[in-house]
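**Q** quick one, fold the following:
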Amino acid sequence: MKYVRLGSTLKATCVIFFTVKTFSMALAKESYENATKPAPNSELETKLLKIYGGNYGNWIRSFGLLPSWKMPADCLERFIWHGYRPNPNTYTFCIKSAFYPTNETFNFWTHFVAFLFFLWRTLWLWNQVEEPLSSRNCLAWLSCFGCLYVLLASSLAHLFNCKSPTMQEFGFCLDMNAIAVFAGANFFMNINHVCPLYSSEYPDLSVYFIKGVGCLWILMQFVQVFSRHERCAHPVFFRVVIPSVLYGTIMLPCFIRFVFPELLQSTARGAAECGETQLFAKYFRYHFILCIVSSIVKTKRFPERQFPGTFDIIGSSHQIFHITTALAAYYQNKLIEVVLLNPDSSLQQSAPLSLSPQTVFYSIVTYFVVVLPIISLASMDLGRAIELRRTLKKQS
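**A** Numbers count the residues shown, from 1 in each chain. Below you'll find the model as predicted:
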């Protein structure tokens, strides 16, 4: 028992170290070096001219794309120098740009292709289950919806964020909100069917987790809107913290079960105990590692920080972040697959939350009726503030 506790302590220490390291990197003061043109004859200008000064650069510019120093500061990504679409623009140009060599093209396709793949997997799972609309499967379908929604919202946000400042802010707010929906749906799935938490001393532990995480999700929505405000001193920090916290809630039930098994005296059997313990440990480990890697890569801005201009179009940190998060969602979906296809009926015993198909449907409808108008109003206000700053900058 002593060695088990020591191993759990070491694992937790490593997780806390990487988390603090990631957040501390995000707290560094954000400065957009690419907002101004590189100094003449500087090393940076020489590198950029070597990449974009010949036929390749002419080909990029033939699509109407601009360098970073000709773009408004609110449209810039740090250390990305070329391949920007003019903002504002038309819907037609936004759609066509999905096939242009822009710095957003790969961002769009990485999540849109993943969306199509997960849509196929959801339909496949639906056909494999004998009673897809039974109450025991509702949380699994809600989890699948969250995965599809976050991938589609992300891809469309990257595709249409050059339409206008308002659409730019709407896309960001929708993307962050979709991450919250994805995190919530998968958290419910994990804590109910994959890794249910039960302790003889705290029989309502799962219920407390659900209430606490629900309050945290609501708080994160206000924080993500504030991170876009001009008065926010550390926007990068909040933009890293919000998805990190939300993705962390997904892993929380399985993290406690796998890292601190001695703390739980579980009588609620989850899918992780139904003859698939090693398989679930592998899926959870892959999911956890991918989430950590994606946070560090995105915060560290690797590799575009180290190789300016080389990875503007393909290979930037945000694109790597898209790939790793899509892979993490795949391993989360594999956990759902085992739950849906496992014939052991004891999976549903002691589940703290049970939803009917009607409840899931009304929840999704209520979300779109209530939350989307709020996001629209917030993005309109943020968009007007951006337009005002752009106008004042032109006049000065």
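**Q** pLDDT weak spots in the stretch 1-150 of the chain?
**A** For the stretch 1-150 of the chain, the stretches with pLDDT under 70 are 1-31.
**Q** what's downstream of the host helix or strand of residue 148, the next helix or strand?
**A** Applying DSSP states H and E as the criterion places residue 148 in helix 138-160. Next in sequence after helix 138-160, counting helices and strands by DSSP H and E, comes helix 165-189.
**Q** show me what that following helix is packed against.
**A** Secondary-structure packing of helix 165-189 (3 or more Cβ pairs under 8 Å, 6 or more residues apart in numbering; DSSP states H and E): helix 138-160, helix 205-226, helix 235-259, helix 317-341, helix 357-395. Bear in mind the C-beta positions are built from the backbone N, C-alpha and C, glycine included.
**Q** now the helix holding residue 148 and helix 235-259, what's the angle there?
**A** Taking axes from the mean of the first three to the mean of the last three Cα atoms, to 10 degrees, one finds helix 138-160 and helix 235-259 inclined to each other by 160 degrees.
**Q** let me know the pLDDT of residue 229.
**A** Looking at residue 229, its pLDDT stands at 75.
**Q** wait, it sits on residue 382?
**A** Yes. Counting by Cβ atoms under 8 Å, residue 229 does reach residue 382; the two are 7.2 Å apart.
**Q** who's more crowded, the two?
**A** residue 382 (22 against 12; other Cβ atoms under 10 Å).
**Q** residues contacting residue 91?
**A** Counting by Cβ atoms under 8 Å, 6 or more residues apart in numbering, residue 91 makes contact with 160, 163.
**Q** look up how far residue 163 lies from it.
**A** According to Cβ to Cβ, to the nearest Å, residue 91 stands 6 Å off from residue 163.
**Q** what does residue 98 give?
**A** In this view, residue 98 and residue 163 are 13 Å apart by Cβ to Cβ.
**Q** of these two, who's got more company?
**A** residue 163 (19 against 15).
**Q** look up how far residue 89 lies from the residue nearest to residue 139 when sequence neighbours are not counted.
**A** Take residue 139 and drop its neighbours on the chain: the residue closest to it by Cβ to Cβ, 6 or more residues apart in numbering is residue 189, 4.9 Å away. Residue 189 sits 39 Å away from residue 89, going by Cβ to Cβ.
**Q** more neighbours, the two?
**A** Under the neighbour definition other Cβ under 10 Å, residue 189 and residue 89 were set side by side, and residue 189 has more, 27 against 17.
**Q** re the thing from before, let me know which of the helices and strands packed on helix 165-189 is tucked in deepest.
**A** Mean neighbours per residue, mean count of other Cβ atoms under 10 Å, is largest over the helices and strands packed on helix 165-189 for helix 138-160, with a mean of 23.
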